[in-house]
Structures are given as C-alpha cells and as structure tokens.
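> Sequence first, predicted coordinates after that:
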Amino acid sequence: MKTVDIIVPCYNEADGLDLFYEETEKAVSRIAGYEFSYIFINDGSRDGSLEVMRRLSAAHPRVHYISFSRNFGKEAGMYAGLTHSTGDYVIIMDADLQHPPALIPQFVKAIEEGHDCAAACRSSRTGEKGLRSFLSGLFYKFSNAMTEVKLPQNAVDFRMMSRKMVDAICSMSEVERFSKGIFAWVGFDTAWIPYENVERAVGTSKWSFKGLVRYAIDGITAFTVKPLRMIRDMGLLLFLISLVYIFVVFIKTLIRGVDVPGYASIVCLLLFLGGIIEFSIGIVGEYVSHIYLEAKDRPVYIIQETDLTKGRSRTDKKENADDNA
Ligand code: UDP
Ligand code: MG
C-alpha cells in the first residue's frame, strides 16, 4: 500500500471544506493500492475553517490539520504541508474545487508510468477575467525570457509528486517562496495533464490585483539576476555615449566658441537619465529587499495548533482506521 498526503492550503474556506472532502474522497476511494491522507492548512482564516477542520479530523482518522497563528499566504501553507508530509507521494490542491479531484486517478497513472511528478495545466481560462488572463500571459512571456527556469504557462499548483521531489523542494528553505519557479527549478520528469478551468465552488478568490503584481515581481527576481545585469550594461552604454558626446561638445566649443541654445536637449537628457537612474535603483532595491528578508531568516510560518501527532506512524494509522470502521 502506497501512501499519499493531500495538502490543502485554506484561507476562509469554511463553506466549501465539507464538499471538498466529500468530492475528493469520492475520487480517491476508487484508486486501488493507495492510501490517501489529508493535511489541511488553516492559513489564519477568520471564518471558522479551523472548526470545520477539527470536526473533519475528529471524524476521519486520515484527516489532519495545521493551523497557523495568522495568515502567512498560500506559499507558506504549501511549504508547511510539504515539510510535514510523510507519504510516499504528495498531492497539492486548492480547497475551492477549482482543481478537479477527478484528475487524481490520471496523476496516479502518470506516476505509475514512471514520472516523478504529474501536474495539471489549464487548457482554457474560462471564467477568468480577460485582463487577468492577458497580464498573466505577459508575465509568463517576460519571466521565461528573463530566467533560466522555464515556467510552463497555464500550469497551476495542482500536482502529485514523489517523495524524492518533495524532499528536493523542502531542501530549498528560502523564506520568500515562489513555488511555480521552485517546482521547475528542482527538475524531475513531469507529466502534464490538461483540464478545463472550473469556477470556484463557493466563496471568492483571495487574490487582489496588487497581490498578483507583487507575486509576479517576486517570481522573476527570485530566479534571475538578469535585471541587475541589464541595468549594469545600460549604465555602461550610456557612459560610453556620454564620453563621445562630451568629446564632440569639447571640440565644437574649441572651434565655434560657446553657444547658448541647447536648453531643450539638456532638459530631455536630464529627464531621461534621471528616469533610468531611478528605475535602476528600484531594481537594485528589489534585490536588496530579498537579501534583507532572507538574511533575517524568519520562519516561513508559525503553527498555533495541529493534530499531526495523531496517527502519523503507519501502525497508528491502521489502528485508527480500524477504530473508525
Ligand atoms: N489560500 C491560502 N492563503 C492565502 C490565499 C489563498 O491558503 O493567503 C488558498 C485558498 O484557500 C485556496 C488556494 O489557496 O485553497 C487558492 O486560492 P484562490 O482560490 O483564492 O486563488 P485562485 O484560484 O483565484 O488563483
Ligand atoms: Mg481558486
């Protein structure tokens, strides 16, 4: 019997968790040879998600939860789940049923075919706002042009991974985590499984537009230092051009004397250079902020409550299961 941990980061998902558990159980109970457990991560919800998790955990021996002391973000939730998982395989999925449990049998099949990872990708983005789709497409193009890790467009955080791959991901202990990049960076053979985008079962998306922009900037700066090199090269180029220009002005002044006109060109140059300098400092600042946060080495999340000691060893789990039967 192979064991699989299903990690579910949850932020204000109380209304949907029962349905999520039911639907997922329906899909996984048909898969023979695998035992599925759940680790729900309560990411500082304020809507009673924790109570639902406690109830599910009390009722089902293979349901566990970790509750954070406040909202740490989905990245922290996934990391907590991965570091606490003990299964031979791990599945990460959203709590809102936007990640159809019906894909899990296909994941298992791909894994059995020898892949270390099976991951879902959206074949369509129906139900998503046009602007968000467009900007997200732009982000992938830009990010893939800039960084060495190639992020597959339309990939979502719904995947099944082998223990080997999970251990590799956990060994990346960076504080500011960008999982899409981390999944790609660790490598391993991934089978892509397309699915039709579905709308949320209940509740609303937890992403704000500002949050997504921040996520995109972090994603790029976490995996490449190319922007730093670009501003270095741009600075060098401007410096060389200015040397030529100074030489020209010097010779002209020697030959023709001083001429006063030129106000417009000077203002333009000042604005242009000022803009480039500000932008460059901004990019450097972005990296300095990453260094700052990593140097502080704060924990990615803080656990307030968990039931994870409950039945985590294989024998305990069996006993619990029998109790329940
Ligand atoms: N989530 C989380 N912490 C957060 C925001 C979201 O754990 O701070 C969870 C959320 O409960 C859901 C998943 O991450 O299970 C995806 O979030 P959401 O559905 O809001 O994102 P979208 O599907 O719009 O990308
Ligand atoms: Mg969602």
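Arrived safely, thanks for sending. Ligands and ions are numbered 1, 2, ... in the order given.

> tell me the secondary structure for the residue in the stretch 201-325 of the chain that ligand 2 sits nearest to?
Residue nearest to ligand 2 within the stretch 201-325 of the chain: residue 205 (5.5 Å; CB to the ion). In this view, the C-beta of every residue, glycine as well, is placed from N, C-alpha and C. Three-state assignment for residue 205 (DSSP: H, G, I helix; E, B strand; the rest coil): coil.

> Ligand 1 contacts on the chain?
Within the chain, the positions adjacent to ligand 1 are 9-11, 13, 43, 71, 73-74, 77, 94-96, 98, 205-207 by CB under 6 Å from any ligand atom.

> Give me the subset of those lying in strands.
9-10 (DSSP state E).

> Show the buried residues in the residues of the chain next to ligand 1.
9-11, 13, 43, 71, 73-74, 77, 94-96, 98, 206 (16 or more other CB atoms under 10 Å).

> so when I look at residue 39, I'm seeing a strand, right?
Yes: counting by three-state DSSP, residue 39 is part of a strand.

> For it, the count of nearby residues, please.
28 (other CB atoms under 10 Å).

> Which elements pack onto the longest helix along the chain?
Longest helix in the chain, counting residues (DSSP state H): helix 263-296. For helix 263-296, the elements it packs on are helix 209-223, helix 226-256, judged by 3 or more CB pairs under 8 Å, 6 or more residues apart in numbering; DSSP states H and E.

> go with 6 Å
helix 226-256 (3 or more CB pairs under 6 Å, 6 or more residues apart in numbering; DSSP states H and E).

> just the angle between the longest helix of the chain and helix 226-256, please?
150 degrees (axes from the mean of the first three to the mean of the last three CA atoms, to 10 degrees).

> Quick check: buried residues in the helix or strand that helix 263-296 is followed by?
Per DSSP states H and E, the first helix or strand lying C-terminal to helix 263-296 is strand 303-306. Neighbour-count burial for strand 303-306 flags residue 306 (criterion: 16+ other CB under 10 Å).

> Just checking: what are the partner strands of strand 303-306?
Applying DSSP bridges, strand 303-306 is found paired with strand 63-68 (antiparallel).

> Now tell me what touches the strand it pairs with from outside.
38-44, 50, 53, 56-57, 80, 301, 303-308 (CB atoms under 6 Å, 6 or more residues apart in numbering).

> in this protein, what spans have low per-residue confidence?
Applying pLDDT under 70 to the chain flags the ranges 125-128, 310-325.

> Of all residues in it, which one is nearest the centre?
In the chain, the C-alpha nearest the mean C-alpha coordinate belongs to residue 179, at 3.6 Å (CA atoms, centre = their mean).

> which ones are touching that one?
Counting by CB under 6 Å, 6+ apart, residue 179 has contacts 75, 78.

> And the buried ones among the residues of the chain next to ligand 1, which two are furthest apart?
Based on CB to CB, the longest span within these runs between 71 and 98 and measures 19.6 Å.

> any idea how far the longest helix of the chain is from the chain center?
Chain-centre distance of helix 263-296: 27 Å, with CA atoms, centre = their mean, to the nearest Å.

> what comes up buried for it?
280, 283, 290.

> nearest spatial neighbour of the second one, skipping sequence neighbours?
Taking CB to CB, 6 or more residues apart in numbering as the measure, residue 283 lies nearest to residue 227, with 4.9 Å between them; neighbours along the chain are not counted.

> roughly how far apart are the one you found and residue 284?
9 Å (CB to CB, to the nearest Å).

> give the contact list for residue 160.
By CB under 6 Å, 6+ apart, the contact list for residue 160 reads 89, 91, 107, 118.

> how near is it to residue 242?
From residue 160 to residue 242 the distance is 56 Å (CB to CB).

> Equivalent analysis for residue 20, please.
61 Å.

> Looking at these two, which is more packed in?
Applying other CB under 10 Å to residue 20 and residue 242 shows that residue 20 carries more neighbours, namely 25 against 12.
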